[in-house]
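Undergrad: predicted structure and sequence below. I'll ask about it afterward.
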Amino acid sequence: MDAVRSVVDSGWFVLGPRVREFEKDFAEFVGAGDCIGVGNGTDAIELALRATGVAPGSEVVTVANAGGYASAAIRSIGATPVYVDVDPETLLVSPEAVRGTLGEATAAIVVTHLYGRVAPVDQIVGIAGDRAVPVIEDCAQAHGATVGGAHVGTVGTLGCFSFYPTKNLGALGDAGAIVGDDQDLMGHVRRLRQYGWSQKYHRTEPGGRNSRLDELQAAVLSALLPNLDEWNRRRCEIGLAYRDGISHPDIRHVPIRDGDVVHLAVVETGRRQSLEAHLGGLGIATDVHYPAPDHAGSETRLPVTETACESVLTLPCFPEMIDAEIEMVIEGVGSWRP
Ligand SMILES: *Cc1c(COP(=O)(O)O)cnc(C)c1O
């Protein structure tokens, strides 16, 4: 409330000192050279793609099991998503599939750190580097996750974050950011987020948008950022409690490995409807992330992705959960007789 009040009292509401402060705070947190606040996570992906040269007609390689956000960003440019299948164990993008899909028309790759689990972005950067294809990291579910000691978002060409209220770091509304080290690229993103202006009313960049971060959200995010590590620790604790406490022949846990954070606690089961109904009857809410693959309705076949969309189920996981609630979920699943 102090942060909100001070913004209201200041009378400065868009792209001011609080946004600059949060950009500095978040760049420092992830260990990036620079950070640019934008309107939301989908815009972050779109602006990152535009800045790296994705244009109408370009092809962008990505996965089809991550909720369609990257697809929306790619399509808004007039580019075409080219989908690759995921690893059946992690449900993350498979580097081998990426290698086999890169072609002459590939303008970029979007790597999604799904559910907080770290995708093999280092391997993909290696594969893409041979062809100088930019790699955009979608870190909207993975604030604070690390790969080889580096934060996600700093391994690829640019990293994109969402601060939608339910994310691991959430604002009191919509917000997003792009992190990166390349000053030319980041300068380009900075112009794109505000009409393509290089200075006020001077539009020098085609493809510019209005996607600014406002001062209220920035002030709130700066105030909440110090809690992120503790919230991530608690989310991880919940995910590990499910992994250790739920052992059922019809349930597979999406693994949690070193460097991962837990955004969503996801299991796979061939009897999803039955488990959903059972838990619902006990007052335990679940959700499906995500029920439809992005390539639905096309000729593309992605067997692992399609199976995952029919079998994934998300159990409750948020830092405010108390131990008794975690126990209730574990016992609830334990009493399921499919
Ligand atoms: C939430 C999310 C986004 C989009 O963020 P918004 O701020 O809602 O636009 C992008 N990618 C992933 C993986 C997400 O979970």
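TA: Thanks, I have the structure now.

Undergrad: from now on I want contacts and neighbour counts done on CA atoms only, so please keep to that.
TA: OK.

Undergrad: wait, residue 52 sits on residue 185?
TA: Yes. Checked against C-alpha atoms under 8 Å, the pair residue 52 and residue 185 is within contact range at 7.0 Å.

Undergrad: could I get the full set of helices for the stretch 151-300 of the chain?
TA: Using DSSP state H, counting those that start in this stretch, the helices of the stretch 151-300 of the chain run over residues 183-192, 215-224, 228-245, 272-281.

Undergrad: coming back round to it: neighbour-wise, which of residue 52 and residue 185 wins?
TA: Shown here are residue 52 and residue 185; by other C-alpha atoms under 10 Å, residue 52 has more neighbours (20 against 17).

Undergrad: which single residue of the stretch 151-300 of the chain ends up nearest the ligand?
TA: residue 162 (4.3 Å; C-alpha to the nearest ligand atom).

Undergrad: pick the most buried one from the helices of the stretch 151-300 of the chain.
TA: Per-stretch averages of neighbours, counted by mean count of other C-alpha atoms under 10 Å, single out helix 215-224 among the helices of the stretch 151-300 of the chain, with a mean of 22.

Undergrad: gap between that helix and the chain center?
TA: Taking C-alpha atoms, centre = their mean, to the nearest Å, one finds the center of helix 215-224 at 19 Å from the center of the full chain.

Undergrad: same check, this time on stretch 28-35
TA: For stretch 28-35, the distance to the chain centre is 17 Å (C-alpha atoms, centre = their mean).

Undergrad: list the helices and strands the helix or strand where residue 330 lies packs on?
TA: Here residue 330 sits within helix 323-334, counting by DSSP states H and E. Using 3 or more C-alpha pairs under 8 Å, 6 or more residues apart in numbering; DSSP states H and E as the contact definition, the elements that helix 323-334 packs against are helix 228-245, helix 272-281.

Undergrad: could I get these in CSV, plus columns for distance to the ligand?
TA: Listed next are the helices and strands packed on helix 323-334 as CSV, based on distance: least, C-alpha to the nearest ligand atom, whole Å:
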stretch, distance to the ligand
helix 228-245, 16
helix 272-281, 21
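
Undergrad: longest strand in this protein, by residue count?
TA: The single longest strand within the chain, with elements called by DSSP state E, is strand 106-112.

Undergrad: format the helices and strands packed on helix 323-334 as JSON lines; extra columns: mean pLDDT.
TA: Conversion of the helices and strands packed on helix 323-334 to JSON lines gives the following (pLDDT from 0 to 100):
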{"stretch": "helix 228-245", "mean pLDDT": "98"}
{"stretch": "helix 272-281", "mean pLDDT": "98"}
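
Undergrad: need the ones you listed in CSV (columns: distance to residue 10).
TA: As requested, the helices and strands packed on helix 323-334 are arranged in CSV below (distance: least, C-alpha to C-alpha, whole Å):
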stretch, distance to residue 10
helix 228-245, 27
helix 272-281, 47
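
Undergrad: picking up where we left off before, including distance to residue 176, could the helices of the stretch 151-300 of the chain go into TSV?
TA: Rendered in TSV, the data for the helices of the stretch 151-300 of the chain read as follows (distance: least, C-alpha to C-alpha, whole Å):
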stretch	distance to residue 176
helix 183-192	13
helix 215-224	10
helix 228-245	16
helix 272-281	32
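
Undergrad: hmm, back to that, got the contact list for the longest strand of the chain?
TA: The set of residues external to strand 106-112 that reach it, using C-alpha atoms under 8 Å, 6 or more residues apart in numbering, is 49, 52-54, 58-63, 66, 70, 92-93, 119, 121, 133-139.

Undergrad: ok, residues contacting the next helix-or-strand element following it?
TA: Per DSSP H and E, strand 106-112 leads on to helix 121-129 as the next helix or strand towards the C-terminus. Contacts of helix 121-129 from elsewhere in the structure, counted by C-alpha under 8 Å, 6+ apart, are 95, 98, 99, 111, 134, 135, 137, 147, 155, 156.

Undergrad: now do 6 Å
TA: The list of residues contacting helix 121-129 from outside it, by C-alpha atoms under 6 Å, 6 or more residues apart in numbering, reads residue 95.

Undergrad: so for that helix, what's the average pLDDT?
TA: Helix 121-129 carries an average pLDDT of 96.

Undergrad: on that earlier part again, out of the helices and strands packed on helix 323-334, which comes closest to residue 198?
TA: helix 228-245 (33.9 Å; C-alpha to C-alpha).
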